[in-house]
Structures are given as C-alpha cells and as structure tokens.
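> mind looking at a prediction? Sequence and model below.
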Amino acid sequence: MIDLNAIKHRHLDPERMKGRTYYAGHLELDLAALVAEVERLREQRVASTAALLKGYETGKAEERAAVVAWLHRMERNARHWGGKDDERADIYARLADVFECGEHRSEEET
C-alpha cells in the first residue's frame, strides 16, 4: 500500500512548495505508485464483486433448500396427524414442488 499522505505532502502542500523546487523523479515515482495502487484496487473490486455475487447465489440456494425442507417436514407432520389424505399435507407438498422447480419466481428473476 502506498503512503498517500507522504505523496500529498510532497506535491500538494502549498506551504512546503513555496518557492521550492524538488526532485522531479519523485513525481514519476509517486505517479507510478498511484497508478499501481489504482490497478490493484480495481482488481480487488472485481474479485470482491465476484465473491459477493457468488455468496448471494449460494445464500439464495441455501434459503430455498431450507424452505423446501420445512415444507416437506410440515407435509409429513400433516400426514402423520391428519392421515395420508390430509388436504394440508397436499398443499405443503404442492408448495414444496413450486419452490423446488422455481415456479414462484417471476420471469424477470429467471
């Protein structure tokens, strides 16, 4: 990481620059360091964005799986307490199918 304060002090401090000249090589070195830092930050931003999107997609998949598992559990409970032809169990089963195949998502989301 570059020392941005040192660069600002060398090149942007009006008190320091009054009537002074300085080694021109500092400007080239500092500019090269700034360009390298910007390039590093851009690469880091791209990698961070990719990781964030991957995490988002993973989170969506995990949440969908959790919802489907809960619906199946509720279906089993309804069948256990209400019998194999329990209407609530059929509703839970249908909802689980809807979420598993993605019917609940709008066309814009797919």
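Cool, the structure landed. The structure presented is a predicted model; accordingly, all values stated were derived computationally and were not measured. Numbers count the residues shown, from 1 in each chain.

> so for stretch 31-40, what gets flagged as buried?
For stretch 31-40, a neighbour-count test (16 or more other CB atoms under 10 Å) marks residue 33 as buried. Placement of C-beta: from N, CA and C, glycine included.

> for it, give the mean pLDDT please.
Averaged over stretch 31-40, pLDDT sits at 89.

> over to stretch 2-20?
Stretch 2-20 comes out with an average pLDDT of 74.

> now the helices: where do they sit in this protein?
Ranges of helices in the chain, per DSSP state H, are 4-12, 14-17, 24-82, 87-101.

> check contacts around residue 93.
By CB atoms under 8 Å, 6 or more residues apart in numbering, the contact list for residue 93 reads 71, 72, 75.

> what's the spacing between the residue lying closest to residue 96 once chain neighbours are set aside and residue 13?
Computed as CB to CB, 6 or more residues apart in numbering, the closest residue to residue 96 that is not its neighbour in sequence is residue 71, at 3.9 Å. Using CB to CB, to the nearest Å, residue 71 is found at 65 Å from residue 13.

> could you do residue 27 as well?
14 Å.

> the more surrounded of these two?
Taking neighbours as other CB atoms under 10 Å, residue 27 and residue 13 compare with residue 27 leading, 13 against 10.

> the more buried one against residue 33, yeah?
No. Assessed by CB atoms under 8 Å, residue 27 is found out of contact with residue 33, at 10.8 Å.

> what score does residue 68 have for pLDDT?
Here the pLDDT value assigned to residue 68 is 93.

> ok, residue 25 next?
70.

> and it, how many neighbours?
A count of nearby residues for residue 25, using other CB under 10 Å, gives 8.

> over to residue 68?
16.

> can you start the count at 12 instead of 1 from here on
New numbering, starting at 12: the last item is residue 79.

> list the contacts of it.
Residue 79 is in contact with 107, 110, 111, counting by CB under 8 Å, 6+ apart.
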